[in-house]
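Visitor: structure of the sequence below:
(one chain, ligands or ions: 1)
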Amino acid sequence: MTEGLSGGEAGRATSFIERLVDIQARQLEEVTPSPVSKKDANLKGVQSQLAHPALRPKKKLVGEDVAAQAEKFLPSIWVMRKRKLKGEPLSFVPREINARTMNRVRPFLEQPLNDESREKGYRKARQMGLSENSVSEVLWFLDTKPHTKAFYTFPTNRQMQDFSNTRIAEAISESDHLKSVMGDIKNVNLKQVGTSFLFLRGSQTERLGEGVDADIAFFDEIDRMPQRVKVAFEESLQGSLWGYVREISTPTVPNHGIDEGWNKSKQWYWFIKCSKCNTKQTLEWLPTDDHGGKVSIAEREGIHVYVCRHCDREISMEDRIRGEWVAKYPRREPSYYQFTQLMAPWITAERLFQKQEDYPFKQLFFNYCLGIPYLGDNVLVTEENILARQVHVSRDKWRGPRAMGIDWGDRSWIVVLQALADGKVGLVHLERIETSDIDEIVAQVAACFERFDVKVMVNDAGYGKDRNTMLLKKFPDRVFSCFYPNVEKGSKIFEPQWQDESHKVSLDRTTSIKLALGLFRVKDSVVIAPEVSLMELKTFVKHCTNLVAVRDFDEKTREIEEWIASTGQDHYGHAWNYAATALQKLAKLPKSECWDWNAEVLAAKRDGTMKPEASKDAQPMVPGFMPIKDLLQNSGGMANVRPDKAHCYSLKYGYDSAICGACTLQRSCKSICEGQKGDML
Ligand SMILES: [Zn+2]
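Guide: All right, here's what the predicted structure looks like:
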């Protein structure tokens, strides 16, 4: 008898276990060690294979012995024997399918859970049960593999705490087995399972993975994590026999986060079979190349239903439940699965169709319901926007001060800007430094700084601490390190926060990037000098257009959060933002100061020897940096920021109208929005 199960359920589980073990054993007998690929030729790969004695069963086991063996290598068996959810044994298909149990019909979770690929990922719609599946996998891993360490990370500490206090804590408290093996350590962020440990972390810092050694690492909602987090972690997995990486995320924009991994993976799709014509197919919301571009949803008598993409007849609920996973690229190594709500038996086609209306943006429906990335209107700037700024401006206009921005990395990326006499922003120079030798980098930057007679530079703080210090020594008071601090909700900073004494400037990442890139969309605001290298300009365009806006919607608070994601390399885009910030520093100073700007002026300001009126009367002298309100109106609303209050979002005017952003920015939304409450979200 199977522990924790009774009656028909136990019988079903046992026969299921036997079937699986049978299949496994049969397959194993035929398998001779396959040639090890170059990538797997390291010790870890071989050791990893040897570390699975369960893969070589010597005799056919029966009953409880089967189950005990099976659960070591099949998490799904472990789950059914050791876990409960709301008092009932956890399974993938309930014994009885009815209205009450419908949302527990999740046959598509089983294979992904049992998949022991080193790199595994779930590109998922919301509410598909993948977090619960990952809870199962991590607890199974720790329970069946003694002396191991698992890391489970979330974008924020709050999400981590919620996950730890609810899902993990409940999974443990509902399971007699887990309760019996839990060690003394039961913190929010550290739990002991037998001789193994579970570390739970928020991933706001890139240093998350430093100085630890893990056997398995989960990145939950990886699309919303800093990009370098995973890279930092990879090292920590090097010493492990397993070195498993698990990515789970609702996608956002193409080639970012989970979609980056998905693109290189096996790409598992859930195939169903139409019982009327026997055609195997995926369920599609959008036209694809197969089945003549037909989609799986059609209207019948005013109601939306699922239909066969081949014979056009209705697809039954049973058909949708009886699916199987098929890999598009089976020879690839990373194993990523696609989960869409079209697979969910408890969501009807009609409901899904209605869900489109639930979200203020198309992106959210694509991400949350279809589980696929979406670009659409998330683009901040296009190639055409930028290249249209290659216009002729007479020589005599090019006589304002120049500013520089640098994004550090393995290569360094320089943007030099100039305030033009007629108020435009001139892009003067683009340069990349290929060397990684720090003295050489500093020498090249200094040469560029002097050649263009740059007044002030703003540089990436994250990567370039030593470099910025060395440059500051060379050019006192003219070098600023730029920070993108994590700003609490509701206390967003819209203007750069300068700390002259410590040579720092803080920017709100989302707002500053939107405003800086938005300049290209404002008529007569940017001019690209003919001297700018065309090759570098091409890269510049690529990097800038790789920065896109992403919106997330909190269904509880109905708040929209907007942030910037990268769909590829983005260094010049950040360098542009830093340089534009540097130019703002010049533009903020009084006119005379601006032209003769130097270290003494700043020093005088710092000592208080400069007349306060001078800075009070300071007018922005570069209309390229016009007041935000004007910029909003001139940029077709692209400069607006997320409405901190949902009521500022007006369906009538659409999110991209200037009104919404203006409300938030000016903090006078009452005067603007009050009259249209009826149209508010
Ligand atoms: Zn059919």
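
Visitor: quick check, the residue in the stretch 551-681 of the chain closest to the ion?
Guide: Across the stretch 551-681 of the chain, the shortest distance to the ion (Cβ to the ion) belongs to residue 555, at 35.2 Å. Backbone N, C-alpha and C define where each C-beta goes, glycine included.

Visitor: so what's the backbone phi/psi at that residue?
Guide: phi -70, psi -20 (degrees, to the nearest 10).

Visitor: which residues does it contact?
Guide: Residues near residue 555 by Cβ atoms under 8 Å, 6 or more residues apart in numbering: none.

Visitor: gap between the most centrally placed residue in the chain and residue 204?
Guide: By Cα atoms, centre = their mean, the chain has its centre lying nearest to residue 223, at 1.3 Å. In this view, residue 223 and residue 204 are 15 Å apart by Cβ to Cβ, to the nearest Å.

Visitor: ok, back up a step: name the SS class of the residue nearest to the centre of the chain, please.
Guide: Three-state assignment for residue 223 (DSSP: H, G, I helix; E, B strand; the rest coil): helix.

Visitor: from the ion, how far out is it?
Guide: Distance from residue 223 to the ion, counting by Cβ to the ion, to the nearest Å: 35 Å.

Visitor: how about that residue: what's its closest non-neighbour residue?
Guide: residue 257 (3.2 Å; Cβ to Cβ, 6 or more residues apart in numbering).

Visitor: what helix or strand is residue 439 located in?
Guide: In the assignment (DSSP states H and E), residue 439 maps to helix 438-451.

Visitor: quick one: contacts of that helix?
Guide: Contacts of helix 438-451 with the rest of the structure, by Cβ under 8 Å, 6+ apart, involve 404, 406, 412, 414, 416, 429, 431, 433, 435, 454, 457, 466-467, 470-471, 474-475.

Visitor: mind listing what's buried in it?
Guide: Buried residues in helix 438-451, counted by 16 or more other Cβ atoms under 10 Å: 441-442, 444-445, 448-449.

Visitor: now it: mean pLDDT?
Guide: Mean per-residue pLDDT for helix 438-451: 95.

Visitor: what element comes up after it heading to the C-terminus?
Guide: strand 454-460.

Visitor: CA-only coordinates of that next one in CSV, if you can.
Guide: Extracted in CSV, the C-alpha atoms of strand 454-460 (Å, rounded to 0.1, in the frame of the first residue of the first chain):
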residue,chain,number,x,y,z
VAL,A,454,34.3,67.9,-22.3
LYS,A,455,33.0,69.9,-19.3
VAL,A,456,31.5,67.1,-17.3
MET,A,457,31.1,63.3,-17.5
VAL,A,458,28.6,60.9,-15.9
ASN,A,459,29.7,57.3,-15.8
ASP,A,460,28.1,54.0,-14.9
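
Visitor: tell me which strands that strand pairs with, and in which orientation.
Guide: Sheet pairing for strand 454-460, assigned by DSSP bridges, gives strand 402-407 (parallel), strand 479-483 (parallel).

Visitor: next helix or strand past the longest one?
Guide: Counting by DSSP H and E, the next helix or strand C-terminal to strand 402-407 is strand 412-419.

Visitor: just checking, what packs against that next one?
Guide: strand 402-407, strand 425-433, helix 438-451, helix 571-588 (3 or more Cβ pairs under 8 Å, 6 or more residues apart in numbering; DSSP states H and E).

Visitor: ok, now with 6 Å
Guide: strand 402-407, strand 425-433, helix 571-588 (3 or more Cβ pairs under 6 Å, 6 or more residues apart in numbering; DSSP states H and E).

Visitor: now for this protein, the helix or strand with the poorest mean pLDDT.
Guide: Lowest by mean pLDDT, DSSP states H and E among the helices and strands of the chain is helix 658-666, with a mean of 30.

Visitor: related to what we said a few turns ago, export the helices and strands packed on strand 412-419 to TSV and tack on distance to the ion?
Guide: Formatted as TSV, those follow (distance: least, Cβ to the ion, whole Å):
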stretch	distance to the ion
strand 402-407	53
strand 425-433	55
helix 571-588	47
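
Visitor: comparing these, which comes out most buried?
Guide: The highest average neighbour count among the helices and strands packed on strand 412-419, using mean count of other Cβ atoms under 10 Å, belongs to strand 402-407 at a mean of 28.

Visitor: mean confidence score for it?
Guide: Averaged across strand 402-407, the pLDDT comes to 96.

Visitor: residue 561 against residue 550, yeah?
Guide: No - look at residue 561 against residue 550 with Cβ atoms under 6 Å: they stay out of range, at 8.9 Å.

Visitor: tell me which of these two has more neighbours.
Guide: More crowded of residue 561 and residue 550, by other Cβ atoms under 10 Å: residue 550, with 24 against 16.

Visitor: where does the more buried one fall, helix, sheet strand or coil?
Guide: Going by three-state DSSP: residue 550 is strand.

Visitor: isn't it right up against residue 252?
Guide: Yes - counting by Cβ under 6 Å, residue 550 does reach residue 252; the two are 4.5 Å apart.

Visitor: so for the two, which residues contact both of them?
Guide: residue 565 (Cβ atoms under 6 Å, 6 or more residues apart in numbering).

Visitor: how far away is residue 377 from the ion?
Guide: Here residue 377 is placed at a distance of 36 Å from the ion (Cβ to the ion).

Visitor: got the confidence number for the residue nearest to the centre of the chain?
Guide: 94.

Visitor: and what of residue 651?
Guide: With respect to pLDDT, residue 651 has a value of 24.

Visitor: the nearest residue to residue 192 once chain neighbours are set aside: helix or strand, and which one exactly?
Guide: Nearest in space to residue 192, with sequence neighbours left out and distances taken as Cβ to Cβ, 6+ apart, is residue 183 at 2.9 Å. Using DSSP H and E, residue 183 sits in strand 182-186.

Visitor: distance between that strand and the chain's centre?
Guide: 32 Å (Cα atoms, centre = their mean, to the nearest Å).

Visitor: name the residues of the very next helix or strand once past that strand that are buried.
Guide: Going down the chain from strand 182-186, the next helix or strand is strand 190-193, by DSSP H and E. Within strand 190-193, the residues that qualify as buried are 191-193, counting by 16+ other Cβ under 10 Å.

Visitor: again, but for stretch 408-419
Guide: Neighbour-count burial for stretch 408-419, counted by 16+ other Cβ under 10 Å, picks out 408-409, 412-419.

Visitor: what's the answer for stretch 229-246, then?
Guide: Using 16+ other Cβ under 10 Å as the test for burial, stretch 229-246 gives 229-230, 232-233, 236-237, 240, 242-246.

Visitor: for it, C-alpha coordinates in CSV please.
Guide: Output of stretch 229-246 as CSV, limited to C-alpha atoms (Å, rounded to 0.1, in the frame of the first residue of the first chain):
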residue,chain,number,x,y,z
VAL,A,229,22.1,37.9,-11.2
LYS,A,230,22.1,34.6,-13.1
VAL,A,231,25.7,35.1,-14.4
ALA,A,232,26.9,35.7,-10.8
PHE,A,233,25.2,32.5,-9.8
GLU,A,234,26.6,30.3,-12.5
GLU,A,235,30.0,30.2,-10.7
SER,A,236,28.4,29.1,-7.5
LEU,A,237,27.0,26.0,-9.2
GLN,A,238,30.3,24.9,-10.7
GLY,A,239,31.4,22.7,-7.8
SER,A,240,28.2,20.7,-7.7
LEU,A,241,27.5,17.2,-8.9
TRP,A,242,24.2,18.5,-10.2
GLY,A,243,24.5,22.2,-10.9
TYR,A,244,20.9,22.4,-11.8
VAL,A,245,19.5,25.8,-13.1
ARG,A,246,15.7,26.3,-13.1
